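Visitor: The following block contains a protein sequence and its predicted model.
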Amino acid sequence: MANLPYAQTTTTLISMLEKIKTASVPEKFSQDFVSEKLLMKGGTPRSIIPFIKKMGLVGSDGTPTERYKEFRNPAKSGKAIADAMRELYEPLFQMNEYVYDTDQSTLRGLIVEATGAEQNSRVVQMTLSTFQALRKLADFEAEGNGDVDLEEEEIPQSSKRESQLSQIHHQQHSGGSESINLSYTINLNLPATTDIEVFNAIFKSLKKHLIQE
């Protein structure tokens, strides 16, 4: 049976995550840092530190990870949480890849199935609460597009030899009085050659088959 992690209190977890965003990145994410810099004192905040490590925000030695730094970036924060959830709840995502978008009843059922625990057990309830709290912060759509470069593709060197024949107007007369002006744009990918006969043959064929009155 799967051992799904959960936070002792989701309210404290969310509060700590929000404070992490505004505080500077420490050399070590320690109890002292949580107490003195995040101003979260007492045993409850300390109990959240192991879960922060399980989220991949902090290494086993307390060193903040790249995910920690991404989480502090407003543009990447949602993706960082989504990545953490996929790791924390891998068994659930294996059962349903869109588990983050399911209703509470379906989610509870998947947790019960994965853990083997009773429906109303504390394990199921705490796991359910933690998952729901985190998915409010997660952006799974950003995760799906995070590595996609939407910028215009770089034009290969060979494409620079392209010759564009634009605005070739062909007039088709109907009844001698009306005409239809058709505009064509033709893109040619010319071969990498210095043989002028090759280009002559291409343009001769173009003229013969396309550019006719």
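Guide: Great, that's in hand.
Visitor: domains of this protein?
Guide: 10-145, 157-209 (automatic domain parsing).
Visitor: Point out the most buried one among those domains.
Guide: domain 10-145 (a mean of 16; mean count of other CB atoms under 10 Å). All C-beta spots, glycine's among them, are computed from the backbone N, C-alpha and C.
Visitor: which stretch in the domains of the chain is the model least sure about?
Guide: Of all the domains of the chain, mean pLDDT reaches its minimum on domain 157-209 (a mean of 57).
Visitor: For L4, which of the domains of the chain is the nearest?
Guide: domain 10-145 (4.8 Å; CB to CB).
Visitor: quick one, which of the domains of the chain is nearest to N3?
Guide: domain 10-145 (7.5 Å).
Visitor: Strands of this structure, start to end?
Guide: 163-174, 178-188 (DSSP state E).
Visitor: about what we covered before: now render the domains of the chain as CSV, adding distance to N3.
Guide: As requested, the domains of the chain are exported to CSV (distance: least, CB to CB, whole Å):
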stretch, distance to N3
domain 10-145, 7
domain 157-209, 54
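Visitor: Between those domains, which one is closest to M1.
Guide: Closest among these, once you apply CB to CB, is domain 10-145, at 3.9 Å.
Visitor: thought I111 was touching T130?
Guide: No - I111 lies out of contact with T130 (CB atoms under 8 Å); the separation is 10.2 Å.
Visitor: separation between I20 and Q125?
Guide: 25 Å (CB to CB, to the nearest Å).
Visitor: Stretch 92-107 spans what distance, first to last residue?
Guide: 9 Å (CA to CA, to the nearest Å).
Visitor: what residues does it touch?
Guide: By CB atoms under 8 Å, 6 or more residues apart in numbering, the surrounding residues in contact with stretch 92-107 are 4, 82, 85-86, 89, 110-111, 113-114, 128, 131-132, 135, 138, 140.
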